[in-house]
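Peer 1: need a 3D model of the following:
(one chain, ligands or ions: 1)
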Amino acid sequence: MALYECSLTRMTDKIETMSKFGDAGHGGVTRYTLSPEDGQAREEFRKRMKSIGAEIEIDDVANMYATLPGSDPDAKRIVMASHTDSVRNGGNYDGILGVMSAMEVLETVVENNIPHKHPLTAMVWTNEEGSLYPPAMMVSGIVCYDYLPENVKGKFKFEDMMKSKSVLDSDVTFGDALDKSIYKGDKKNRLSRKNYKCMFEIHNEQGPILEDAGKNVGIVDCVLGMFNYRLRFFGQSVHAGTFPMDKRQDALFAASQVICYLHEEIDKLGHPELVYTTGEIVCHPNVHTVVPDDVDFCIDCRHESAELREKVLEIVKGCADKEWAGCKCEVEKMWNRDTVYWDKTLFSYVKEAAEETGISHEVLHSGAGHDAQFASYMLPTTMIFVQSKDGLSHCEPEFSSAEHCTEGTTILLNAVLKADAE
Ligand SMILES: [Zn+2]
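Peer 2: Numbers count the residues shown, from 1 in each chain. Reported below is the predicted structural model:
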């Protein structure tokens, strides 16, 4: 098969242009979903895709689709998709890189007159970040709803999602924003098993593994399985000045003992690639003159192996078997998910494309969730990562070089053509 190359000049221009939409003035963007800034990015997408003759469609949850017809009128579409929205003070690559890559693939196909049987679609997902209207991956949750595992599904009911309140203004819901938006289209245009053959998503890595390995592009094999549990501690509030230390039941002290205990015990399992985090802690009454009576924190743990996650979970659950600093401990499951493996055939196309083009690459896992994760329950799906400088993401210094972005896109293009030739 002939190999094709994407354009560094065109990619650089897209990165520079898109970075203006929501520019917060210090290197990054704040581009909430369906905001005027998001509208600017969407119009840029529409303008560029129309100019190469792609047909633009919008579905009922504001996802945008730009499609180039293929030579076979009955063939299903091959879609490349990511999101245009960002977190508050986010970077210029998370999400938008996957949209720009999808555009670049279509532009390269048109410029080089590359023959293809299947229609090729570049797609914009709405509200992936969930930073204005929670939760994250909201709209892929809605669109892929019927295919989601039972333990995930409940979170993404259409009616509930429409009621999701803006974190900036509790009078406004996601449904209101959608109704007011010019991007609310027709439900029949939604991504579907009927009309789509498979999906690819390029994303910035959001971690330091590729850079540390000296590789430019990541061939992603799975999204890591994870669990999220809550540990609660019950003590007794007393006056900070009058109550002796040896009689206290300080729930915050208990919780901090357990956090240290968890780090010691989990590290003893000896798996450096295992990650676990306590990123949130709630302390009651959170007053400087009162000994805390009620404290809880979460633990988020991620690894490919279900067996290893189970071992960690035993340690976590074991915390409830005894008292800590005189406080009772309860352990409660919030949610979990199994490792989601990408489609083996698509993965092999990406790997072959990387090898044939000679672009520096490495196979790795994704620790973060993406729209592709939900799409994978509906369609064969896979992902490609582009090196993130210093592993930084969801922040303004987030950076991937235009060269690496173009290399990732070249791999995407050639992998898409392999899927097309099937
Ligand atoms: Zn993203």
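Peer 1: all helices of the stretch 201-350 of the chain, in order?
Peer 2: In the stretch 201-350 of the chain, helices defined by DSSP state H, counting those that start in this stretch lie at 209-213, 251-268, 306-318, 344-357, listed in chain order.
Peer 1: mind giving me the domain split of the chain?
Peer 2: Per automatic domain parsing, the domain ranges recorded for the chain read 8-223+339-421, 225-337.
Peer 1: quick one on the thing from earlier: the ion: which of the helices of the stretch 201-350 of the chain is closest?
Peer 2: Smallest distance to the ion across the helices of the stretch 201-350 of the chain (Cβ to the ion): 16.2 Å, for helix 209-213. Yep, even glycine has a C-beta here, placed from its N, CA and C like the rest.
Peer 1: so how far is that closest one from its chain's centroid?
Peer 2: Distance, stretch centre to chain centre, for helix 209-213: 20 Å (Cα atoms, centre = their mean, to the nearest Å).
Peer 1: show me what it is packed against.
Peer 2: Contacts defined by 3 or more Cβ pairs under 8 Å, 6 or more residues apart in numbering; DSSP states H and E place helix 209-213 against strand 217-223, strand 361-366.
Peer 1: who are the contact partners of the closest residue to the ion within the stretch 301-422 of the chain?
Peer 2: Relative to the ion, the nearest point of the stretch 301-422 of the chain is H370 (5.9 Å; Cβ to the ion). Shown in contact with H370 (Cβ atoms under 8 Å, 6 or more residues apart in numbering): S82, E128, M137, E201, H203, V223, M383.
Peer 1: that older thread, most packed of the domains of the chain?
Peer 2: Of the domains of the chain, the one with the most neighbours on average (mean count of other Cβ atoms under 10 Å) is domain 8-223+339-421, at a mean of 20.
Peer 1: so where's the stretch 101-250 of the chain uncertain?
Peer 2: Judged against pLDDT under 70, the stretch 101-250 of the chain has no low-scoring part.
Peer 1: ok, the nearest residue to R190 once chain neighbours are set aside - contacts?
Peer 2: Among residues not flanking R190 along the chain, D59 sits closest, at 4.4 Å (Cβ to Cβ, 6 or more residues apart in numbering). Shown in contact with D59 (Cβ under 8 Å, 6+ apart): Y65, V143, G185, D186, K187, K188, N189, R190, L191.
Peer 1: wait, which of the helices of the stretch 201-350 of the chain is closest to A177?
Peer 2: helix 344-357 (33.4 Å; Cβ to Cβ).
Peer 1: so what secondary structure elements neighbour that closest one?
Peer 2: Using 3+ Cβ pairs under 8 Å, 6+ apart: helix 344-357 touches strand 196-204, strand 217-223, strand 361-366, strand 381-386, helix 402-421.
Peer 1: TSV for those, including distance to the ion?
Peer 2: Formatted as TSV, the helices and strands packed on helix 344-357 follow (distance: least, Cβ to the ion, whole Å):
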stretch	distance to the ion
strand 196-204	6
strand 217-223	12
strand 361-366	11
strand 381-386	11
helix 402-421	14
